[in-house]
Every structure is written in C-alpha cells, then in structure tokens.
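Student: Model the structure of this input:
(2 chains)
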There are 2 protein chains.
Amino acid sequence: MAQKAAAMGADLIVFAELALSGYPPRDFLEFDDFIDKCELSARQIADSCPNIALIVGSPVRNLSGKGKPLYNAALFINQSVIREFHKALLPNYDVFDEYRYFEPATTFDLLEFKGCKIAVTICEDLWNIGNDPLYRVNPMDELMPLAPDFMINIAASPFHYDQAESRREVLRQNVEKYKLPLIYVNHVGAQTELLFDGGSMAFSPNGKVHTSLNFFTEDFKIVELDQLLTDDIQIDNQNIPEKIERIHDALVMGIRNYFGKLGFRKAILGLSGGIDSAVTMVLAAKALGPDNVYGLLMPSQYSSGHSIDDALSLSRKLGSPSGTLPIGEMYDVFEDKLEPFFRGTDFDLTEENMQARIRGLLLMAMSNKYGYILLNTSNKSEAAVGYGTLYGDMNGGLSVIGDLYKTEVYELARFINRDDEIIPLNTILKPPSAELRPDQKDSDSLPDYEVLDQLLYQYIEKRKGPAELLKMGFDEILVKKVLRLVNTNEYKRYQTPPILRISPKAFGMGRRMPIVGRYLS
Amino acid sequence: MAQKAAAMGADLIVFAELALSGYPPRDFLEFDDFIDKCELSARQIADSCPNIALIVGSPVRNLSGKGKPLYNAALFINQSVIREFHKALLPNYDVFDEYRYFEPATTFDLLEFKGCKIAVTICEDLWNIGNDPLYRVNPMDELMPLAPDFMINIAASPFHYDQAESRREVLRQNVEKYKLPLIYVNHVGAQTELLFDGGSMAFSPNGKVHTSLNFFTEDFKIVELDQLLTDDIQIDNQNIPEKIERIHDALVMGIRNYFGKLGFRKAILGLSGGIDSAVTMVLAAKALGPDNVYGLLMPSQYSSGHSIDDALSLSRKLGSPSGTLPIGEMYDVFEDKLEPFFRGTDFDLTEENMQARIRGLLLMAMSNKYGYILLNTSNKSEAAVGYGTLYGDMNGGLSVIGDLYKTEVYELARFINRDDEIIPLNTILKPPSAELRPDQKDSDSLPDYEVLDQLLYQYIEKRKGPAELLKMGFDEILVKKVLRLVNTNEYKRYQTPPILRISPKAFGMGRRMPIVGRYLS
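Tutor: Modelled structure (predicted):
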C-alpha cells in the first residue's frame, strides 16, 4: 500500500491504531518478545519504504522507568527517522482494557513534515469533547497553542449498530471546535468478537466530509491537503447504510474474518427449521460460500414435520449441503442406561437437555472428523435468560447472532428476504419452539419476545435497575423474574463461545459480571 | 461484629476494601441502583452502630462531573458522620480492572479521631514502594507532611501461593519507611475464581508483626494502639503455612464458598481412577462433606481394571457415594448412527472425544436431575496444551485444580496422603493416561510433565518468549510445538469453567489472549 501510494505521488500514508500488532493485541503486549517484533517491523517498514513517509500505530516501550511499561503510539516513519506520538486518553470500559498495558501521554508535541505542522492523535484522544468528560485532559487543547495546520487521528473504533453516526458526529465536533482539517483512519476487519467497520474520512475545516472510505472492506484513497483546505462544499456524503444492513454486513465480515484468520474454510451448524439457525446459515453462506456450509438436521420425536421441510427447503435454496440424523435411538439408549439412576423421577429439564446435548455431540463429531467450525445459533434473548443448554445448543466456535435479540433476528430475516424468499416464510411466521417436549412453545416459559426484548435491552444495554424499570411501565413480577434469570445464568454465559458484537453492550469481554453475586438474583 | 467490638470496648472496627459491595463487584458497579444500595447500607450501618466508629470499604459516587463516575472508598462511619477516603492507585493488571470503574484520588487528607491522626489508604496505595514504580504518585508520601500517628490499610488482596510473603514484605517496607504502626485488614473468602486468604496484621512501628489474624477463615481481634506503639518485640510471628498446605486450604475454601454462595450443597464428578479426579474428590469431600460428593465411574472398553478398583477404593476410603455406568453401548449407538457420515474414515480424535462427551453428557444429566454442581477435574498442563475435550471432560461449574500443573497435582496428592493413604498409591504411581484408545499414555502425545510444566511455567507465569526459552536450555522443537499448542488452544480455554486461582497467572480473567492472533501460533 505504501509503495502504491508513493507511486501515485503521495507524501504520507496513514494506517490505523496499533496496525503493527493488530487491535486489540491483549496480553501479547506482556511479552517482551512481542514488543521486539513490533519494533523490528517498524524498522523493516522504514527500510522498505524510502519514497514515502508513514504514520502507523504500534505499541512502544515506556523507557522512563515510571508507570506502565508501554505506550500506545502513532509512529511517524520517514526513511531512517522514527518519531513517536503517544495516546493520552486510554479507554478502559466495555470491551476496552488499554490502561491494563499503556501509560497515558502527559506531554504533547506536533509533527512537522514538509512545512506542515500536524496534530497527531489516537482514537479516544478526540472523544473527550462532550459535557461530563471522562478524562481530565483534552489532547487537542494542549496542542492548539502550538498552531497545528491539520489533524490526523488513527483509530481502532469497533462497530456497533449506532457507532458510525456517533463517530462522525464526534469527529465533526472536533473539526468545528478546532477549525482544522481532519484525516481520520479507522481499522477494518474482525478480531474474533470485535468488528471494525472502517469508514475512514477526511473533513474540511468547515466540518464537511470531503472524502470517505468503504465500510467493512479495505479501501485506499488519496487526499489532497490543498483541496481539503479550499473546497468548502460537502463533496462526499459518507452514505451510512441502514442499521439492519450494517448489522448484516458486519456479521458476514465477522464470520469471514474469523474463519480466514484461523485458516478454516468450512462451517457446520444444526439446522432445526427455526429462525435462528436459518439466519445463521444464510449469513455463513454469504461469508464462506454456500458449498462450505453444512446443515445437519437432527430431528427427534418432538420435531414437527414442517420443521424438517423448512430446514431442507432453506439448504436447497442456498445450495448448501445438508444431512439428516435422527436422534431417537441415541436418546433411547441414554434413557435406558440412566434408568437405574433416574428411577421414580419425572421427565424434566434433564431429558430436554439430553436431547440438546446429543445434538451437540453429533455436531462436534462432524466438526472433529471433517474440520468444520461449529457455528453457534443462540440469540441474545435466550443467552440472557438462560434458555439454552450448556454443552448442547450453546456449543460452537463462534456465536453469529448471539448479540441480536430474538426480535432483531426476525428483523434480519425480513431484511434477508427483502427481494426473494430465501428463508422459508413458514420459518418466520410460526411461533418459536425448542421442540424438546410435546407441543412446546417458547411462550410456555418465557414472556412474549416483544416485551422481553425491551426489558432486556433496558437492563443490559441501559443498565436500568428494578425501580427505573417499574417507572418505565414494566410489570413488577416480570422485572423481578427476568432480572433474576439474567443474573443467575451468568455461569452459563461464562462458558459460551465468542459472540460477534453488534450492540453497544454485548455478552462477552465487554460485560463482566460476577457469577456468585447476590445482587438481583 | 461491630456490636461485639463495641461491647469489648473498641473505639473503631475496620473492615476490608469494598466490603459493602463484595470484591470484585465488577459491572454491578455500572448500575446506579447498585450504588444506591451501597449508600443505603452505609446509612443503615451508621444508624445501627451508635457506640463504635467503623471503617468499611464501599464504592461511592464521583460528584465532580469529571473523570470516572465512582471512587473506591474507605468510609469512616461515626454515628451520623460519614467521611470518604479515596483510593489513589487503581490496579489494572492481571485479575484487576479497577480503572474500568474508578477515578483515582488526587487529593489526600488524614482522618482525625479521638485525638489521633490516621492515614487511611486502600490496598494498592501501599504497593508502589519498590523501584520501577507502576504509578507516578505515592499516597503515603503525600500524607506524611500532615504528620499521621498511624496507618490503616484496607485491602482485597487475592491469594496466590507466594502472596502471603510478598504482602508481609511490602507492608513491612511501608512501616520501615514511614516509621508508623500499621493496621492492615484483608478480605477472606472466595469470589468464584478469586480466593482471598485473610491474614490481616498489625505492625509495630519497628516493622515487627504485633498481631495477626487467621488465614482462610474469618477472624476478629482487638488491637490496643498503645501496645502497638510501645511493645518493641515481635509478639506474633504470623506463621505462614507451607506453600502446598496453603494451596490445599485455598482450594477447599474456594469450593466451599462457591457452593455456599450459590446455595448448592452437592457436587458430582467423573471418577476415572486417575490422579486429577482423585485429588479433586478429596478436596470436595473436605469442603462439602464426603456425603455430598458423588463419584460417577464411566468405564469404557479402554479403561483398565485397576482404574475402576482405584476409583472405588478412593470413594470407599472417603465414605462418599459412587455409581458405575459403563459407556460402551452408548458409544456403539453413536458409532452406528454416524457410520453413514464417517464411512471410510479411521478411528481418530473424533472417536476419543466422543467418549469424553458421552461422559460429559451423563454427568450433566445427573447434575440436572439431582442438583449437583459438576466439578471439573482438568489440570493446568492439559488446559495449556489443549489436551482435553471441549464439552466433554472440560465440562463443569467450577474447575478445582485447573491452576495446578500436573506435577503440582502430584505434589498435592502426596500432601493429602502425608499421614494416611487416602488416594490409592497406585493412582499416584501409575503413568497418566486418558484411556481413550488401547494402551494410551499421556506421554504418547505430550512431553514428560517434568519438562512440559517447567516450560509452561516460564511461558505462562513468566511471559518468556521463544528466544529466552532457548537460552534457558529448552529444546527448540519442543518450544515451538508447545507455544503453538498453548496459543492455538485459546479457543478451548475461552469456554472452560472458572478456575480457582492459586498462581500468579491463572487461566481466566487474569490472562486475556486473542483467539485469532497469529503470534507464536
């Protein structure tokens, strides 16, 4: 990319935050050897790019002997010269752990290059601009007295469904406050659960977007600084797609990158005829190609005929391979062998879970034998209230729709079907059921998803407590029951696969709850 | 406790860090409702303790409108007066996430009470005393100009096998530097994986331990300040038990508290006749009582006769219930039903994993039916290199020995047997085997545990990279293979149960590694 840019006459090419190490490198940062490798890479880049300067993110050592051992740095690489600019505002909330590794910058300086003075900042450095500031310092306020000509910000700003608008707004506020052009470069690509959506931008000093880069795919554009400074109309609208389309694209990228970065090509999933496995299979087929997604039907005596038809019709429509393996005889032998242990007890959750676990075992056997990664098909509503079987349907290498509430899964299904009935209409229209006992419906043990999902959203995303929820009009008994379910099922979520994150508060690294806490349980 | 202390004539009673919320409260802290409840508790304590002052840890709100929304505070409660002392040094490494929630104190003041001036600090506030300081400020250096008479430090300092000595040494360095008496109060009890070992102490200004409290159980002692100041001999030696005994006691406490806090009484585990399940069962029997620990034997055609004998002999010796449930017919029906899918393939890891998963399914069925918590019996060596079956023997609500390398499991077994052969000698002496194929031994696929464990220790606990490991004399091919195994099995450890932490670097919340990282994989 640097060589391409040099050939096109660019003076400087800008890469994202911690581009040399990947973001987030997590505890790799605690290995001296890893930091050595980052330093070596920077040197190699310097040696191999004689015709262009670069800005690229990398961890660097804090040599002062005080504070955390590293800085999160933007390296300015110009032939043999390497200068460091350190991040001052270190996000340490939700999915972010930067203060675990990095010392914040406390001194500030501009980059001088080709007669320009450039304020180089890193991601969060520009986000302390609202009321209620989270940090006691504002890097740009420190840099303004030095009279910069423009701003460059390198970022690793992970996707959630509202982030593109918030991000553009925060950047615009900076441009308006400091009246300087801004070149903003964000990561693109998935790092397990974290999805980086790209959408890099250059702003004119009047706050208008001059140039924008792709969402969800790598991109490359040349920005002429003179044009940034002189064009005073909005040249580029940075079309942000609709929310549901963004979620769709983010999940497809998440699957594709997870498989690609691990060196796997093929996925398997249990295909039940229900909405969750259907949506997961469509996304996987888009990410990996339909040939590479295998749907395994594992009906029991409780499976309805239409479930099997719906499942087969989906895999035919996609052109994906499928197989059918009824679990009845396997279930029977377990029941028989456990009879001496279970004598005198009734059919209960145990037997429901056994069916789910037999299916989990079969899927993992196929995965082990043929090198498929098992895709988990749980949704966020189920995961929240523990409506799923640990070591059964909660299995998988990656959870695709685990950050979508059930009502959002339906919305995504309708989006997928917007031009063509890819997911059988019956899958969308029938009442959801786990089909683990006769005539079972989700609504037998759970409230209506319309109500449940709103309540869960307020509790999980908005951290509302019981009193606030009652004030919002939720039923008292329901609130108590649901909050208790969410909290007492933390032990299950502790053991679930990584979940592609599309909301501002996903289960996983960004939500850290006690397992034994008595609060609301 | 406060009323008991008041009746005994004490002026002040001191509780540990964040005692009102539990430590660590984790993301409960993000709920306004939770902070309200902590404030209410402090008020209730003030109202119900008219005859004694208290120091007790609690989260409190940061009302300045700048920075993180909370402080980690020591509340001084004296009738209707409540004063706050804020923590300045917020640990944010390993298992600690305090900067996720709390703003550090930047102003410092003494507590004046009954004519004394007291320097009140919180845990980490006293730990910045060595060379290479992690923080740029030292709270006691700020407080010394105000001429305190003595120090109180409230703490939540989690156990690992070297921590008691380090902690005593750090506290002694503070006493020696500031020449003041110190009253140090630490948490005791387990919070899922984190084990707090207590061992609170009072130091005379000469650096000697004057009074010490129990390890691993709650304790209560009165300290006379006059005596602290005047006695210049070491009155109390704070006998720290031997390392292996501490590990033993910590694990027993960890099991007992996990069950107690969740409201469960009974445990189940798979009993193989091997060392891991034997040690786990002994610890569980000590923690919960032998009647409450059920050992399930699930032999296959590959199980040796002595394995069954050893398992039964252990449960008889402990007086614990056990049952036997051979898995052969269940395995056969899976093999039969999968035959159309597996035709033409060889017996491989798939079939080994199927056996482990059938066992996992049976244990979970017993757990579901009778309300047992399943204890996981994996050790750290296995977990490190991925020598275990996800959704099989990696199942469980709690991992008991998952932070002990295999060689440490043997050491613990010998400690358990120090006076009596509780664990059958044959279990300790025979070569370890998973018994998942004919005549299998761990040594078929893994290096000798003596070598493997040393290598793992240097890589995991000491974060040594490949070059450093070679310099230490480890074999190059072995280093490459083992590091690759550790890193590529991160996906398995992501889904394992919480592990009782006894080392300075346990798998779990204190070790956060990328799943898709290419580094050393």
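Student: Outline the domain layout of chain A.
Tutor: Domain assignment for chain A, taken from automatic domain parsing, gives A:2-240, A:246-441.
Student: Can the shortest one be said to contact chain B?
Tutor: If I follow you right, that is domain A:246-441. Yes - under the criterion of C-beta under 8 Å from any C-beta of the partner chain, domain A:246-441 makes contact with chain B via A:257-258, A:261-262, A:323, A:325, A:329-330, A:333-334, A:337-338, A:341-342, A:345, A:348-350, A:353-354, A:357-358, A:360-362, A:364-366, A:368-369, A:390-391, A:395, A:397. C-beta: built from backbone N, CA, C; applies to glycine.
Student: Now that we have the residues you listed, which of them are buried?
Tutor: A:257-258, A:261-262, A:325, A:330, A:333-334, A:337-338, A:342, A:350, A:353-354, A:357-358, A:360-362, A:364-366, A:368-369, A:390-391, A:395, A:397 (16 or more other C-beta atoms under 10 Å in any protein chain shown).
Student: Filter those residues down to just the ones in helices.
Tutor: Residues of those located in helices (DSSP state H): A:257-258, A:261-262, A:330, A:333-334, A:337-338, A:342, A:350, A:353-354, A:357-358, A:360-362, A:364-366, A:368-369.
Student: interface residues of the stretch 1-150 of chain A facing chain B?
Tutor: Residues of the stretch 1-150 of chain A found near chain B (C-beta under 8 Å from any C-beta) are A:22, A:24-28, A:30-34, A:36-37, A:65-68, A:92-93, A:97, A:99-100, A:131-136.
Student: Among these, which lie within helices?
Tutor: Under the assignment DSSP H, the residues of the stretch 1-150 of chain A next to chain B contribute A:32, A:33, A:34, A:36, A:37 to helices.
Student: so which of those residues is the most crowded?
Tutor: Ranked by neighbour count (other C-beta atoms under 10 Å in any protein chain shown), these have residue A:34 at the top, with 20 neighbours.
Student: Who are the contact partners of that one?
Tutor: A:21, A:25, A:28, B:465, B:519 (C-beta atoms under 8 Å, 6 or more residues apart in numbering or on different chains).
Student: And it, how close does it get to residue B:241?
Tutor: Using C-beta to C-beta, to the nearest Å, residue A:34 is found at 37 Å from residue B:241.
Student: same question, residue A:12
Tutor: 62 Å.
Student: same question, residue A:453
Tutor: From residue A:453 to residue B:241 the distance is 52 Å (C-beta to C-beta).
Student: Who has more neighbours out of those two?
Tutor: Taking other C-beta under 10 Å, residue A:453 and residue B:241 do not tie; residue A:453 has more neighbours (21 against 13).
Student: Which pLDDT value belongs to the more buried one?
Tutor: pLDDT recorded at residue A:453 is 98.
Student: Next SSE downstream of the helix or strand harbouring it?
Tutor: Per DSSP states H and E: residue A:453 is located in helix A:449-456. Toward the C-terminus, helix A:449-456 is succeeded by helix A:466-471 as the next helix or strand (DSSP H and E).
Student: Please see if that next one touches chain B.
Tutor: Yes - applying C-beta under 8 Å from any C-beta, one finds helix A:466-471 in contact with chain B at A:466, A:467, A:468.
Student: burial measure for the first one, as a count.
Tutor: Okay, so that is residue A:466. 16.
Student: repeat for the last one
Tutor: Residue A:468 has 17 neighbouring residues, counting by other C-beta under 10 Å.
Student: Can you tell me the closest non-neighbouring residue to it?
Tutor: residue B:33 (7.0 Å; C-beta to C-beta, 6 or more residues apart in numbering or on different chains).
Student: Any stretches of the stretch 151-300 of chain A with poor pLDDT?
Tutor: By pLDDT under 70, the low-scoring segments of the stretch 151-300 of chain A are A:232.
Student: and the residue of it found nearest chain B, what is it in contact with?
Tutor: As assessed by C-beta to the nearest C-beta, chain B sits closest to residue A:261 within the stretch 151-300 of chain A, at 4.1 Å. By C-beta under 8 Å, 6+ apart, residue A:261 lies in contact with A:190, B:516, B:518.
Student: and stretch A:474-481, how far from the chain's centre?
Tutor: Its chain's average C-alpha position is 30 Å from that of stretch A:474-481, according to C-alpha atoms, centre = their mean, to the nearest Å.
Student: Buried residues, it. List them.
Tutor: A:474, A:479.
Student: Name the residues that touch that stretch?
Tutor: A:447, A:451, A:454, A:455, A:458, A:466, A:469, A:470.
Student: Could you pick out the buried ones from these?
Tutor: Using 16+ other C-beta under 10 Å, the buried ones in these are A:447, A:454, A:455, A:458, A:466, A:469.
Student: Chain B versus the nearest residue to the last one once chain neighbours are set aside, what's the distance?
Tutor: By that I understand residue A:469. Leaving aside its sequence neighbours, residue A:469 sits nearest to residue A:479 (C-beta to C-beta, 6+ apart; 4.8 Å). For residue A:479, the distance to chain B equals 12 Å [C-beta to the nearest C-beta, to the nearest Å].
Student: Which of the helices or strands spans residue A:479?
Tutor: Short version: residue A:479 belongs to helix A:476-488, going by DSSP H and E.
Student: Output that helix as PDB - backbone C-alpha positions only.
Tutor: Output in PDB follows, covering the C-alpha atoms of helix A:476-488 (Å, rounded to 0.1, in the frame of the first residue of the first chain):
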ATOM      1  CA  GLU A 476     -43.100  -5.800  38.700                       C
ATOM      2  CA  ILE A 477     -43.300  -9.600  38.800                       C
ATOM      3  CA  LEU A 478     -41.900  -9.800  35.300                       C
ATOM      4  CA  VAL A 479     -39.000  -7.500  36.100                       C
ATOM      5  CA  LYS A 480     -38.100  -9.500  39.200                       C
ATOM      6  CA  LYS A 481     -38.200 -12.800  37.300                       C
ATOM      7  CA  VAL A 482     -36.300 -11.700  34.300                       C
ATOM      8  CA  LEU A 483     -33.500  -9.900  36.200                       C
ATOM      9  CA  ARG A 484     -33.100 -12.900  38.400                       C
ATOM     10  CA  LEU A 485     -32.900 -15.200  35.300                       C
ATOM     11  CA  VAL A 486     -30.300 -12.900  33.700                       C
ATOM     12  CA  ASN A 487     -28.100 -12.800  36.800                       C
ATOM     13  CA  THR A 488     -28.400 -16.500  37.800                       C
END
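Student: Is any residue of the helix or strand following it near chain B?
Tutor: Downstream of helix A:476-488, the next assigned helix or strand under DSSP H and E is helix A:490-493. Yes - using C-beta under 8 Å from any C-beta, helix A:490-493 reaches chain B at residue A:491.
Student: if we can go back for a sec, what's the residue nearest to residue A:468 in contact with, if anything?
Tutor: Taking C-beta under 8 Å, 6+ apart, we find residue B:33 in contact with A:464, A:465, A:466, A:467, A:468.
Student: Equivalent analysis for residue A:283, please.
Tutor: Residues near residue A:283 by C-beta under 8 Å, 6+ apart: A:248, A:251, A:252, A:255, A:400, A:401.
Student: what's the answer for residue A:457, then?
Tutor: The neighbours of residue A:457, taking C-beta under 8 Å, 6+ apart as the test, are residue A:405.
Student: and the closest residue to chain B within the stretch 401-521 of chain A, how many neighbours?
Tutor: Closest contact between the stretch 401-521 of chain A and chain B, by C-beta to the nearest C-beta, is at residue A:465 (2.4 Å). Burial of residue A:465 is recorded as 20 neighbouring residues (other C-beta under 10 Å).
Student: what's the closest non-adjacent residue to it?
Tutor: Residue nearest to residue A:465 in three dimensions, not counting chain neighbours: residue B:33, with 2.4 Å by C-beta to C-beta, 6+ apart.
Student: Residue A:519 now?
Tutor: Counting by C-beta to C-beta, 6+ apart, the residue nearest residue A:519 is residue B:28, at 5.2 Å.
Student: Alright, that wraps it up for me.
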